[in-house]
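> Sequence and predicted structure are below.
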Amino acid sequence: MHGRASMSLASRRAFVLALASLLAVVFATGRAASAAGPAEQLRGQIDRMLKTLEDPDLRKEGKAQERRVAVRKAAEEIFDFSETAKRALGRHWAGRTPAEQKEFVALFSDLLERSYPSKMEVYGGEKITFAGEALDGEQATVRTKIITKQGTEVPVDYRMLHRADRWLVYDVMIEGISLVGNYRTQFNKIIQTSSYPELVNKLKTKQIGTPEDDAKRTSQR
């Protein structure tokens, strides 16, 4: 059986969040992309992220916080956290005040960031092959395949928006499963069964886990 088929849904979610959030991969490009295109820009952003991840000084003991700040700064050059948070909250976004929206973006960014530190310690040179890009006005999808050290291929699509003079990632899909969609379903359920303030409380008290947390719970059952 192909290695990909043996992966549980929760494990795939954890895997893609780990690699997509950090983008700790090396492109093995199958064909050249346009110099001004989203794929080429993403590759440049990844190169900068890799330099941060592989900085020997930042990997020294006692450098955890400095390392986290450096990764967050690099990630902000790749991800449009505001757009990702807005889409994750879905139809509930419009009903929030500007102050609430700002708070939610910060809390959601922190939720994603919580998966960063542990992944930085296990980066092992996974590769990604470029399968092409699809442009639709100010939106684009960069299609890739992550290749693990075990040789497993996992298709991953990066959804991007053109902002000013650059392209930014707002969603990551693994085998058709959307990171944003996953959180939107979870957030909507909390709001529908309780309230928006309860969602904020859960985010503040870290009662909402990352896909990696979900995978760990699933494996322990």
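Sure thing, it's come through.
> Enumerate every residue touching I208.
L111, Q186, I190, K202 (Cβ atoms under 8 Å, 6 or more residues apart in numbering). In this view, the C-beta of every residue, glycine as well, is placed from N, C-alpha and C.
> Would you convert those into a markdown table that also reports distance to V169 and secondary structure?
Output for those, formatted as a markdown table (distance: Cβ to Cβ, whole Å; DSSP: H, G, I helix; E, B strand; the rest coil):
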| residue | distance to V169 | secondary structure |
| --- | --- | --- |
| L111 | 16 | helix |
| Q186 | 20 | helix |
| I190 | 25 | helix |
| K202 | 25 | helix |
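> Show me the two of those that sit farthest apart.
For the contacts of I208, the maximum inter-member distance is 13.0 Å, found between L111 and I190 (Cβ to Cβ).
> what secondary structure does K149 sit in?
Using DSSP: H, G, I helix; E, B strand; the rest coil as the criterion, the local structure at K149 reads coil.
> Which pLDDT value goes with it?
The predicted structure scores K149 at 78 on the pLDDT scale.
> Quick check: it vs I208, distance?
For K149, the distance to I208 under the criterion Cβ to Cβ, to the nearest Å works out to 30 Å.
> Name the residues of stretch 59-75 that are buried.
Judged by neighbour count (16 or more other Cβ atoms under 10 Å), stretch 59-75 contains these buried residues: R67, R68, A70, V71, R72, A74, A75.
> for those, which one is nearest L89?
A75 (19.7 Å).
> That closest one touches R48, doesn't it?
No - between A75 and R48 no contact is recorded; they are 10.4 Å apart, counting by Cβ atoms under 8 Å.
> can you put the buried residues of stretch 59-75 in JSON lines and add distance to G137?
Below are the buried residues of stretch 59-75 laid out as JSON lines (distance: Cβ to Cβ, whole Å):
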{"residue": "R67", "distance to G137": "37"}
{"residue": "R68", "distance to G137": "35"}
{"residue": "A70", "distance to G137": "34"}
{"residue": "V71", "distance to G137": "31"}
{"residue": "R72", "distance to G137": "30"}
{"residue": "A74", "distance to G137": "27"}
{"residue": "A75", "distance to G137": "25"}
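> Just the terminal-to-terminal distance for stretch 163-180.
End-to-end span of stretch 163-180 (Cα to Cα, to the nearest Å): 19 Å.
> what residue ranges in the chain score low on pLDDT?
With pLDDT under 70 as the threshold, the chain has low-confidence stretches at 1-36, 46, 50, 114-125, 209-221.
> Could I get the full set of strands for it?
26-27, 127-136, 139-147, 153-163, 166-174, 177-178 (DSSP state E).
> Please identify the pairing partners of the last one and their relative orientation?
Pointing back at strand 177-178 there. Strands flanking strand 177-178 in the sheet, each with its direction: strand 166-174 (antiparallel) (DSSP bridges).
> now do the third one
Using DSSP bridges, the strands paired with strand 139-147 are strand 127-136 (antiparallel), strand 153-163 (antiparallel).
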